[in-house]
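Chemist: take a look and give me a structure for this.
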Amino acid sequence: SNGITGVTRIRFEVAANGYASKIRTVETSGSNLLDRAAEQGAVDAGELPRVYGRVEVPIRFELLRRRE
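Modeler: From the prediction side, this is the model:
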């Protein structure tokens, strides 16, 4: 993330095949890079529980220190 942090809220539907569809950002993190990564995360999640209607979730990007 190049040191960029923020929260992106995405909305999507779970299609009949169990995968996210109609994915869009409904609240931007202020970074196009993070917003696109959040949308791609919904795609990469694979098969999801079947939910009727739209799902809206916040995706938080933050930097954490590596434990040594």
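Chemist: and the strands in the chain, which stretches?
Modeler: With strands called from DSSP state E, the chain shows them at 6-14, 20-27, 54-61.
Chemist: pick the most buried one from the ones you listed.
Modeler: Burial of the strands of the chain is given as mean neighbour count (mean count of other CB atoms under 10 Å); strand 6-14 ranks first at a mean of 18. All C-beta spots, glycine's among them, are computed from the backbone N, C-alpha and C.
Chemist: summarise which helices and strands that one is packed against.
Modeler: strand 20-27, helix 32-44, strand 54-61 (3 or more CB pairs under 8 Å, 6 or more residues apart in numbering; DSSP states H and E).
Chemist: state the distance from the closest residue to residue 29 other than its chain neighbours to residue 39.
Modeler: Of all residues not flanking residue 29 in the chain, residue 6 sits nearest, at 3.1 Å (CB to CB, 6 or more residues apart in numbering). According to CB to CB, to the nearest Å, residue 6 and residue 39 sit 14 Å apart.
Chemist: try residue 65
Modeler: 27 Å.
Chemist: what's the answer for residue 3, then?
Modeler: Relative to residue 39, and taking CB to CB, residue 3 is found at 21 Å.
Chemist: quick one: which of these two has more around it?
Modeler: residue 39 (19 against 5; other CB atoms under 10 Å).
Chemist: residue contacts, that one?
Modeler: Residues near residue 39 by CB atoms under 8 Å, 6 or more residues apart in numbering: 10, 23-25.
Chemist: pLDDT wise, what is residue 1 at?
Modeler: At residue 1, the model reports a pLDDT of 46.
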